[in-house]
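> Show me how the following folds:
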Amino acid sequence: MIPRQTAKKVRVWEVMNGEFVKKGGFEPSFVRTSLGEDVARARILGTVMAKFVAEDGKYASVTIDDGSDTIRLKVFKTLKPLDSLNLGDMVDVIGKVREYQGERYIIPEIARKVKDPNYELLRRLELVYKESAIKKTKELIEKNKKEDPEKLAKELTENYGIERRWVEMFLAENKDKEKGTLKRQLLEIIASSKDGIVYSELVKRVKAKGADIESAIDELLNEGVCYEPSPGRIRKI
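Numbering: from 1, shown residues only. Next up is the predicted model:
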């Protein structure tokens with residue numbers, strides 16, 4: 001069972017201008033923002049600028065503006081939770097990010113009216129802090145990427161006061177990039193041998209941990225890029 005995605009506080013601009021990554025099956029699609037954050041469920045605070053309700057009551061949309069950009073909230077077969085919203089309302093929205101025929105929008109799960117003007121100021125401060133923390137984390141991880149990941153995570157959280165979730169997110173991102181590079185390197189070596197190559201020789205020719213090489217090879221096999229013509233030998237298809 002895929003765990004429910006955390007709703008992340010973001011600006012509309014981040015949702016509208018990030019890279020939309022479409023997934024299949026039960027895996028949720030998401031937007032990868034310019035800060036490197038993956039957002040499947042967004043939490044946005046904005047003002048209602050426009051509202052449309054279909055005559056049959058089976059579709060409604062609301063356009064909200066948070067000062068950075070505008071985005072539409074859409075509901076189908078129901079008017080909830082948009083039915084109580086009016087022009088000029090400030091609303092705190094939680095919903096799933098979607099894209100269809102070039103339009104990026106949100107299917108709202110919760111749309112709560114906000115009357116306290118200080119709430120908007122608080123959200124802006126939260127977003128500024130988050131953006132600053134993410135940038136600082138990326139810089140420090142890049143600068144100290146040769147350090148042991150667990151040691152680096154502890155240092156960044158204890159000495160720099162950076163939330164562990166940001167540290168873990170970017171350490172995982174770096175690990176994925178390194179694995180991608182390793183897989184390409186392995187594939188080039190495997191492809192250069194007409195009859196395939198034995199694992200022991202492959203390990204000798206690649207500078208990486210044995211566990212990382214084994215994991216990368218497993219992925220190449222599972223992806224159907226390579227196969228084992230005989231035990232202990234791997235060959236490109």
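> Can you check which strand is longest in the chain?
strand 41-53 (DSSP state E).
> Report the mean per-residue pLDDT for that strand.
Regarding strand 41-53, the rounded mean pLDDT is 97.
> Buried residues, that strand. List them.
Across strand 41-53, burial judged by 16 or more other CB atoms under 10 Å covers 41-48, 51. Where you see a C-beta, it was placed from the backbone N, CA and C, and this is true even at glycine.
> Downstream of that strand, the next helix or strand is which one?
Of the helices and strands lying after strand 41-53 in sequence (DSSP states H and E), the nearest is strand 59-65.
> and the angle for that following strand with strand 41-53?
120 degrees (axes from the mean of the first three to the mean of the last three CA atoms, to 10 degrees).
> From the contact counts, what lies against strand 59-65?
strand 41-53, strand 70-76 (3 or more CB pairs under 8 Å, 6 or more residues apart in numbering; DSSP states H and E).
> What average pLDDT does that strand get?
Strand 59-65 comes out at a mean pLDDT of 97.
> and it, which strands flank it?
strand 41-53 (antiparallel), strand 70-76 (antiparallel) (DSSP bridges).
> Need the per-residue pLDDT for the spatially most central residue of the chain.
For the chain, the residue sitting closest to the mean C-alpha position, by CA atoms, centre = their mean, is D38 at 1.5 Å. Turning to D38, the model gives it a pLDDT of 88.
> repeat for E142
With respect to pLDDT, E142 scores 73.
> Tell me which helix or strand comes right after the helix-or-strand element of the chain with minimal mean pLDDT.
In the chain, no helix or strand scores lower on mean pLDDT, DSSP states H and E than helix 149-159, which sits at a mean of 75. Toward the C-terminal end, the helix or strand that comes next after helix 149-159 (DSSP H and E) is helix 164-191.
> Buried residues of that following helix, list them for me.
Buried residues in helix 164-191, counted by 16+ other CB under 10 Å: 166-167, 169-171, 173, 182-183, 185-187, 190.
> What of stretch 5-12?
Residues 7-12 are the ones in stretch 5-12 that count as buried (16+ other CB under 10 Å).
> cool, stretch 127-142 as well?
Neighbour counts over stretch 127-142 (16+ other CB under 10 Å) mark 127, 130-131, 133-134, 137-138, 140-141 as buried.
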